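[1] sequence plus predicted model, see below.
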Amino acid sequence: MRKSRNTLYAQTVAFVTRYTNISIPRTHTTRWVFWVCCAFYLFTASGHTYSPDEETMYAVTRSIVENGRVTIDASADQPLAALRTGFSGGRVAPYGILPSFIAVPFYFVGTLFTEPNTLKQWDLTHLLVSLVNVPISAGCVALFMRLLQRLRMPRTSIPILTIAYAIGSLTWPYARTFFSEPLTALLLLWSLESAVASHKRLSSHTSSIILSGFMAGCIMPTRIAATVTIPIVLLYIVYMSTPQNRLRTFMLWCAGCIPGGVLFLFYNFARFDVPMATGYSSETNAFITPILVGLNGLLIHPVTGLVWYMPLMLFAPIGAWRLWVRRPNVVVLCLALITSHVGLYAGWNAWDGGGVWGPRFLVPIVPYILCLCSGVWRKPQLTFHHIAYPLLGVSIIINLLGCMVNFNIDSNLPGPQPTPIITHLLLAGQRLTTAITPNQTCTIRDGWYASESASGNLVQRSGARGTIECRLPRLSVVHFTLDDRRPDNAPKSYQGLVINTAPAMRIPNGKIRHIDWLMQYDHANLIITNNTWNPKLIGYSDRDDELGPVLTDLTGTPNPITIRNATIMPIPTPPKERWAWYYNPTNQHVVDWWGWYIQFTTLATWTWYIVATWGGLIIGCLLLAYRRATRARRPR
């Protein structure tokens, strides 16, 4: 006991339990972990989707709620991907139906507060559907911690591996998306946790076997490629049963798979009129990547290799070797699950996952890589296990970068770029520096389109409102020129100038307008308002944007001013451009966060209601976590 108190973990437990009423549970209770992670993931949510895959699943959810069917009303202006033609001639998605089903209540709540087929409904439903993976990822963390406890992994390894899985791995960035990988990870973890509980008799034996089969069966209507893990779980639970109960275990586990299998077959029938048609028949010829190329890309390549996004996995080989002495069945199980996914996707032509953060397809097997790492803490502990703490810190910083900057930007930047981690570090630093305007500087902020100049300086069109933030000494003069030449059949501009929150001042009519403004404050927001015109609506060009005047010049006296670019263009109306607005490199979003985005969408008028609701949910999660973690000190 004295020896164990020398560890950092034991000292932390002793401090917390001595000076607070919170206990670090020694049992298998991990509900408090779930609620803490829910609060954290909810606070750091993105509020939007990242990929056409997500938009396609969102479209299925929308069709289920509004039309009661799974066929999609696809149009050319929607950011959808990989659509197939169903037996009725309608367009259907090849992806699993379960993520779209789970998103139905989230979408339905959004329809209760908005008018149908409006931009506000589009914004609110996307915001809510993006939260689907928040409780799912929190459940993954809680189940991972419970699985480590069930498997009797070294006690000192459980806290650091749980933290590493929660915020030091791909779990955190993908908790902010609507991809199906987090749900796949949850179902696989739950199935394994129930399988372990069944043979250890930690709960009802029969119900644990059936629950394990049920969760494994639900993988089929979630992600068809992940079904390669189902036989592995089945072999594990049957092998770990006593010889006389193996047939019974096999039958009960298969019975649990029936609901998921029925949903899988029913969805296939509803789409293609054939129960076994998945929509992926064309992908059978896509496994053309040399296996070594795929393995290099998935595991060690600087752009997509998992080791760069989760450096703690460097402990996995030696951890597996040390676990093999006492727990060979656990090592075989983890290696089988890891090999199933790595081997499957290494040969696929799209093994990189398509412009995402790290190897997206390996998200479901991250827990089992970390599980192998626990062997490093097995007694006698290796001296270099202390390296885990700086590696954990590096992992958290790396995945924080993936959450601060939209990872779709990487593939849309001009010219060759360094690795995504370095690119995100540079972008995050650049955008954080533009968040505050320094002295003797004017910053072009929201409401302006990208520069039309070859140099990238000024010559920017505004939307209905264009903001320029200036921080200059009082009595300085700001000179700016607006070019408002527009076609004769375009609406009149009726321009105005708003200083901070003062009433708008009318700008005189004219084509080219030179405006001089005497700074009465050290810091002011100059907002140019106008009546916009749309080139496509009046037949002038194919550009479908609401345009205002062009800012062609910006100077100051008596001292010259520095011009900084923090442009955020007006959010477009067409669905495809509206979705791309979140990652367009032109938009200098300070952070990839729901709280930042809502001020630019149609939800801006509801900002305080949304913030209050969000804060209430986060506080509620933390209170539930505190209630679960508080030790009830009652005399027995």
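    Here it is on my side, so go on.
[2] could you verify that Ile527 is part of a helix?
    No. Counting by DSSP: H, G, I helix; E, B strand; the rest coil, one finds Ile527 to be strand, located in no helix.
[3] tell me the confidence at it?
    You'll see Ile527 listed with a pLDDT of 93.
[4] neighbours around it, how many?
    22 (other Cβ atoms under 10 Å). Heads up, the C-betas are built off the backbone N, CA and C, glycines and all.
[5] can you name the residues bridging to it?
    Note on Ile527: beta-bridge partners by DSSP bridges are Thr467, Val498.
[6] going forward, begin numbering at 211 instead of 1
    Fine by me, first position is 211 from now on; the one you just mentioned is Ile737.
[7] so what touches the helix or strand hosting Leu601?
    Leu601 belongs to helix 598-614 when elements are defined using DSSP states H and E. With Cβ atoms under 8 Å, 6 or more residues apart in numbering as the test, helix 598-614 has contacts from 254, 256, 370, 373-374, 377-380, 382-383, 386, 518-522, 524-525, 567-568, 583, 586, 630-631, 634-635, 638, 801-802.
[8] report the buried residues of that helix.
    Residues of helix 598-614 classed as buried: Ala598, Leu601, Leu602, Ser605, Ile606, Ile608, Asn609, Leu610, Leu611, Gly612, Cys613, Met614 (neighbour count, 16 or more other Cβ atoms under 10 Å).
[9] cool, and stretch 265-278?
    Result for stretch 265-278 [16+ other Cβ under 10 Å]: buried residues Glu265, Thr266, Met267, Tyr268, Ala269, Val270, Thr271, Arg272, Ser273, Ile274, Val275.
[10] between those, which is closest to Pro364?
    Each of the buried residues of stretch 265-278 was checked against Pro364 using Cβ to Cβ; the closest is Met267, at 39.1 Å.
[11] what would the buried residues of helix 598-614 look like in JSON lines with pLDDT and distance to His415?
    JSON lines is the format used below for these (pLDDT from 0 to 100; distance: Cβ to Cβ, whole Å):
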{"residue": "Ala598", "pLDDT": "87", "distance to His415": "36"}
{"residue": "Leu601", "pLDDT": "92", "distance to His415": "39"}
{"residue": "Leu602", "pLDDT": "93", "distance to His415": "37"}
{"residue": "Ser605", "pLDDT": "95", "distance to His415": "38"}
{"residue": "Ile606", "pLDDT": "96", "distance to His415": "39"}
{"residue": "Ile608", "pLDDT": "96", "distance to His415": "42"}
{"residue": "Asn609", "pLDDT": "96", "distance to His415": "39"}
{"residue": "Leu610", "pLDDT": "96", "distance to His415": "43"}
{"residue": "Leu611", "pLDDT": "95", "distance to His415": "46"}
{"residue": "Gly612", "pLDDT": "94", "distance to His415": "42"}
{"residue": "Cys613", "pLDDT": "95", "distance to His415": "41"}
{"residue": "Met614", "pLDDT": "95", "distance to His415": "47"}
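[12] about what we covered before: ok, of the contacts of helix 598-614, which come out buried?
    Looks like the contacts of helix 598-614 have 254, 256, 370, 373-374, 377-380, 382-383, 386, 518-522, 525, 567-568, 583, 586, 630-631, 634-635, 638, 801-802 buried, using 16+ other Cβ under 10 Å.
[13] the buried residues of stretch 265-278 in strands, which ones?
    Under the assignment DSSP state E, the buried residues of stretch 265-278 contribute nothing to strands.
[14] would you list the residues you listed in TSV and tack on distance to Ile442 and pLDDT?
    Formatted as TSV, those follow (distance: Cβ to Cβ, whole Å; pLDDT from 0 to 100):
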residue	distance to Ile442	pLDDT
Glu265	32	95
Thr266	29	95
Met267	26	96
Tyr268	31	96
Ala269	33	95
Val270	29	96
Thr271	31	96
Arg272	35	95
Ser273	34	95
Ile274	32	95
Val275	36	95
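[15] tell me the buried residues in the top helix by length along the chain?
    The longest helix of the chain (DSSP state H) is helix 456-482. Using 16+ other Cβ under 10 Å as the burial criterion, the residues of helix 456-482 that qualify are 459-460, 462-464, 466-467, 470, 473-475, 477-478, 480-482.
[16] which one of those residues is nearest to Ala426?
    Cys467 (6.1 Å).
[17] just give the closest residue to Phe571, not the sequence neighbours.
    Closest residue to Phe571 apart from its sequence neighbours, by Cβ to Cβ, 6 or more residues apart in numbering: Tyr555 at 4.6 Å.
[18] so the one you found is in contact with Gly504, correct?
    Yes. Tyr555 is within contact range of Gly504, at 6.7 Å (criterion: Cβ atoms under 8 Å).
[19] circling back to that earlier point, tell me which other helices or strands the one helix or strand the residue nearest to Phe571 maps to touches.
    Here Tyr555, judged by DSSP H and E, is contained in helix 538-556. Applying 3 or more Cβ pairs under 8 Å, 6 or more residues apart in numbering; DSSP states H and E, one finds that helix 538-556 contacts helix 440-450, helix 501-509, helix 526-536, helix 576-583.
[20] so is Leu341 in a helix, a strand, or just coil?
    The three-state label given to Leu341 by three-state DSSP is coil.
[21] now do it against His415, distance only.
    36 Å (Cβ to Cβ, to the nearest Å).
[22] more neighbours, those two?
    Leu341 (22 against 18).
[23] nearest residue to the residue nearest the centre of the chain in space, please, no chain neighbours.
    Nearest to the geometric centre of the chain sits Arg386, at 2.4 Å (Cα atoms, centre = their mean). Once flanking residues are discounted, Arg386 sits nearest to Ser256: 4.1 Å by Cβ to Cβ, 6+ apart.
[24] I figured that neighbour was touching Ser340, is that so?
    Yes. Assessed by Cβ under 8 Å, Ser256 is found in contact with Ser340 at 6.0 Å.
[25] what is in contact with these two at once?
    In contact with both Ser256 and Ser340: Arg386, Thr387, Trp804, using Cβ under 8 Å, 6+ apart.
[26] cross those against helices and list the overlap.
    Trp804.
[27] so the nearest residue to Ala496 once chain neighbours are set aside: helix, strand or coil?
    In space, and not counting its chain neighbours, Ala496 is closest to Asn559: 4.7 Å by Cβ to Cβ, 6+ apart. Using three-state DSSP, the three-state assignment for Asn559 comes out as coil.
[28] for Asn559, grab phi and psi.
    phi -70, psi -20 (degrees, to the nearest 10).
[29] give me the neighbour count for it.
    12.
[30] confidence score at Thr439?
    Reported pLDDT for Thr439: 95.
[31] helix/strand/coil for Asn794?
    Asn794 - assigned by three-state DSSP - is coil.
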